[in-house]
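Visitor: Give the three-dimensional model of this entry:
(one chain, ligands or ions: 1)
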Amino acid sequence: MRKIRAFCLICFSFFFLLNGCQQRVAERSEQTILSRFVPYFESIKKIGLQEENAYEFLKKITSVGGRLTGSEQADRAVEISLKIMEESGFDRVWSEPVEVRRWVRGEPEQAMVKSEKFPPQALKIAALGNSVPTPSSGLEAEVVEIQSEEELASAAEKIPGRIVFYNVPLDRTCTDPFSAYRRAARFRVNGASKAANYGAVAVLVRSTTFRIDAHPHTGLMEYQEGLPKIPAAAISTADAEKLHRWLQQDPALKIWIKLNCRDEGKVTSANVIGELTGREKPEEIILIGGHLDSWDLSPGAHDDAAGCAVAIEALRLIKEAGLKPGRTIRAVLFMDEEFGGTGGRAYAASVNRNREKHLVAIEQDRGGGAPVGLAFTLEKLIEKIRPLESYLRPLGINWIVKGGGGVDVSPLRESGAVLGSLMPEVQKYFDYHHSALDVPEVVHPRELELQAVILAIVVFYLAETGV
Ligand SMILES: [Zn+2]
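Guide: Numbering: from 1, shown residues only. Okay, here's the model as predicted:
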């Protein structure tokens, strides 16, 4: 027994000794990595924080206004972005064609509540992207308010000939605004066809924001094949609350709505690409992407001029610091994230990718807020970044976790790319998202620049060391 105990004691001691050794080796390798790279990181940080240039790029991109896929403004944004990249002195700058849909909002929407119990009341609405219009004289009907999917089925008998009003707020108890958004946004995306299946003539969908204000938040909706296509519009949260109260006063009230949108078919647009070509392995690529298109109600500053601006600025910082990366670092401004993701798919499928290998593809599409974390889809890559954690912490990075990616870069995963994202603070993001409030003034230049600095550091490190 004593022998066994002694043996266990030796094993334990050996285990702790080994563990201690491993820890010291890890610390030493972290120190070695940091001492090699910190001088480069310092140059990048110094230039970035002094100049705050990402915001200048954001202002130029947003200067054309809303950049709805297929619009003239989107075309102008392509030209402006090419010019910014050329002026920044990137090694290669070019565009690649993308076939996109051209949907036009037309004249601003109108909506009026009509009741025998109170005077007419105007409502703030905006057609959802891809919606069909109402007849040119508008459409008038009684309303059925729905607050859950189950309620839709149980209200089946009341729905024929009426407008379905989806009044489903974002779940305030959900700490991750993106999860709350995703749950509520399904009524926006699929609600029209679900209501049309029961005979509804149109849908009004409560805007997907925590705030109660007068701004409708638009977004893409989709029609299910085989069901009637009915007009679909977002209603502001303030008016959704009012409509809820008016319906309690007068359940027989009617709403007249007029949507003037139209589908103009397919047109050719473009992805914009710029790179710092790798000095040793130019065919191996580390990509940072954002999407150049936006909704039309605002210049889409957070969504996603911010992502485009930091992608360009990250490359500029590396170049400005006099660094020539070992592998290619590329900024890609994708077209059409909002209206179907054709830009991301066209980029991945292009014959130009044949001789390329994308090691990492980082997507920035969560707004220009202060950075808080990093996420990558591969554990091994997270461990590779780990030695930078202590350097990145003062810049805002509190955690590095599994996750990341997005609509535009996800097609690259099939060919083996690790996806990633720099995660910003997002509690306010949906206040602005897809509404008239997403203007440059709501993005803070220093928060945006911190994103660019961190991205420049991370992608330069990966371009030097590989995956
Ligand atoms: Zn976006």
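Visitor: what's W256 sitting at in phi/psi?
Guide: Torsion angles at W256 (phi, psi; degrees, to the nearest 10) stand at phi -100, psi 130.
Visitor: Tell me who's in contact with it.
Guide: Q110, A111, M112, K114, G138, L139, E140 (C-beta atoms under 8 Å, 6 or more residues apart in numbering). No exception for glycine: its C-beta is placed from N, CA and C like everyone else's.
Visitor: Buried ones among those residues?
Guide: Neighbour-count burial within the contacts of W256 applies to A111, G138, L139, E140; the criterion is 16 or more other C-beta atoms under 10 Å.
Visitor: just to revisit the earlier point, okay, the contacts of W256 in a markdown table with distance to the ion and secondary structure next?
Guide: Shown next, in a markdown table, are the contacts of W256 (distance: C-beta to the ion, whole Å; DSSP: H, G, I helix; E, B strand; the rest coil):
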| residue | distance to the ion | secondary structure |
| --- | --- | --- |
| Q110 | 28 | strand |
| A111 | 26 | strand |
| M112 | 32 | strand |
| K114 | 37 | strand |
| G138 | 31 | coil |
| L139 | 30 | strand |
| E140 | 35 | strand |
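Visitor: Pick the one among those residues closest to A180.
Guide: A111 (25.7 Å; C-beta to C-beta).
Visitor: Write down the beta-bridge partners of that closest one, one by one.
Guide: Beta bridges link A111 to I257, judged by DSSP bridges.
Visitor: Identify the residues contacting it.
Guide: Contacts of A111 (C-beta under 8 Å, 6+ apart): A122, L123, K124, I125, L204, A233, I235, I255, W256, I257, K258.
Visitor: any chance of the residues you listed in a markdown table, with distance to V442, pLDDT and secondary structure too?
Guide: Below are those laid out as a markdown table (distance: C-beta to C-beta, whole Å; pLDDT from 0 to 100; DSSP: H, G, I helix; E, B strand; the rest coil):
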| residue | distance to V442 | pLDDT | secondary structure |
| --- | --- | --- | --- |
| A122 | 26 | 98 | strand |
| L123 | 25 | 98 | coil |
| K124 | 19 | 97 | coil |
| I125 | 22 | 98 | strand |
| L204 | 26 | 98 | strand |
| A233 | 24 | 98 | strand |
| I235 | 22 | 98 | strand |
| I255 | 31 | 98 | strand |
| W256 | 33 | 98 | strand |
| I257 | 29 | 98 | strand |
| K258 | 30 | 98 | strand |
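Visitor: List only buried entries from the residues you listed.
Guide: Going by neighbour count (16+ other C-beta under 10 Å), those have L123, K124, I125, L204, A233, I235, I255, W256, I257, K258 buried.
Visitor: Against F178, how distant is the third one?
Guide: This means I125. 25 Å (C-beta to C-beta, to the nearest Å).
Visitor: Next: the second one.
Guide: When C-beta to C-beta is applied, the distance between K124 and F178 equals 25 Å.
Visitor: Over to the fourth one?
Guide: Here the distance between L204 and F178 works out to 24 Å (C-beta to C-beta).
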